[in-house]
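1. Give the three-dimensional model of this entry:
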Amino acid sequence: MNLHYLAFEGIDGCGKHEQIMLLADALTREGITPIELLEPSYGRYGRELRRRLRTAELGSSSELRELFTKDRQDHVRTKVAPLLSLARSHQGFAILQSRTFLSAAAYQGESDDPDHLALIVAEQRSFAPDPDLILILDLSVDAALDRLDRVHRRDAMETVDTLTRARRRYLSLAQIQPNCVVIDARGSRREVAERVGAAIRQREETGGFDQ
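-> Numbers count the residues shown, from 1 in each chain. Down below sits the predicted model:
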């Protein structure tokens, strides 16, 4: 595989972790070592974010975005950048990451205005590397919340309003980010994995996507 850095995005409950696990298994069978990364991280700022999400002590939208940004900066410095250097300089490695800078615009943006969302992405990209491909798993909010309710108690951001807004923004961002593809996340996890695999193959073969 000539794609070294793949990121999965989408609203909570869309199946990012499941798809990363399935892709990791598939890559391992092909002799490729998957390196799985997660945002928020488990570093200093990521642990604070997880605490706030669990206790609903979110603070203002600007404070929350600043904390997410600090976590992403720390994650890039300590994990993403060195591991990406390894993956791109040696054959047989691929980074699979749950969430990247698009989440800042989707979840912490202050409006749906495309220029505003693009500005947030540009700010984040000033320090965060671009994945070779961002796969946005798209699922209805009702279906996502149903999945969440079946596996765990919702955190402070897993609400109808928050996920509806984030889904709308993800679909808008997909129109302006050239390295994004939207994947229909309905159906079984194997069906979704087939769509993910097809998108990756298309990216590898053509360098782009059918419109």
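
2. Please make it C-alpha for all contacts and neighbour counts, starting now.
-> Fine.

3. can you pull out the strands in the protein?
-> 5-9, 33-38, 93-98, 133-138, 180-184 (DSSP state E).

4. got the contact list for the second one?
-> Looking back up the chat, that one is strand 33-38. Residues outside strand 33-38 that contact it (C-alpha atoms under 8 Å, 6 or more residues apart in numbering) are 20, 24, 27-28, 80, 92-99.

5. run the last query once more with 6 Å
-> Strand 33-38 is contacted from outside by 24, 92-98, using C-alpha atoms under 6 Å, 6 or more residues apart in numbering.

6. contacting residues around the residue nearest the centre of the chain?
-> In the chain, the C-alpha nearest the mean C-alpha coordinate belongs to Arg99, at 2.4 Å (C-alpha atoms, centre = their mean). The contact partners of Arg99, by C-alpha under 6 Å, 6+ apart, come to 8-9, 39.

7. repeat that for 10 Å
-> 6-11, 16, 37-40, 134-136 (C-alpha atoms under 10 Å, 6 or more residues apart in numbering).

8. Any figure for the gap between it and Leu139?
-> 16 Å (C-alpha to C-alpha, to the nearest Å).

9. ok, now Leu58?
-> Look at Leu58 and Leu139: by C-alpha to C-alpha, they are 25 Å apart.

10. cool, and Arg50?
-> Between Arg50 and Leu139 the computed distance is 23 Å (C-alpha to C-alpha).

11. Which one's more surrounded, those two?
-> Taking neighbours as other C-alpha atoms under 10 Å, Arg50 and Leu139 compare with Leu139 leading, 21 against 16.

12. so what pLDDT did that one get?
-> In this model, Leu139 is scored at 98, pLDDT.

13. Ok, Ile136 next?
-> pLDDT for Ile136: 98.

14. Tell me how many other residues surround it.
-> Neighbour count for Ile136, taken as other C-alpha under 10 Å: 27.

15. Next: Glu205.
-> 11.

16. Next, the contact list for it, please.
-> Residues in contact with Glu205 (C-alpha under 10 Å, 6+ apart) are 2, 199.
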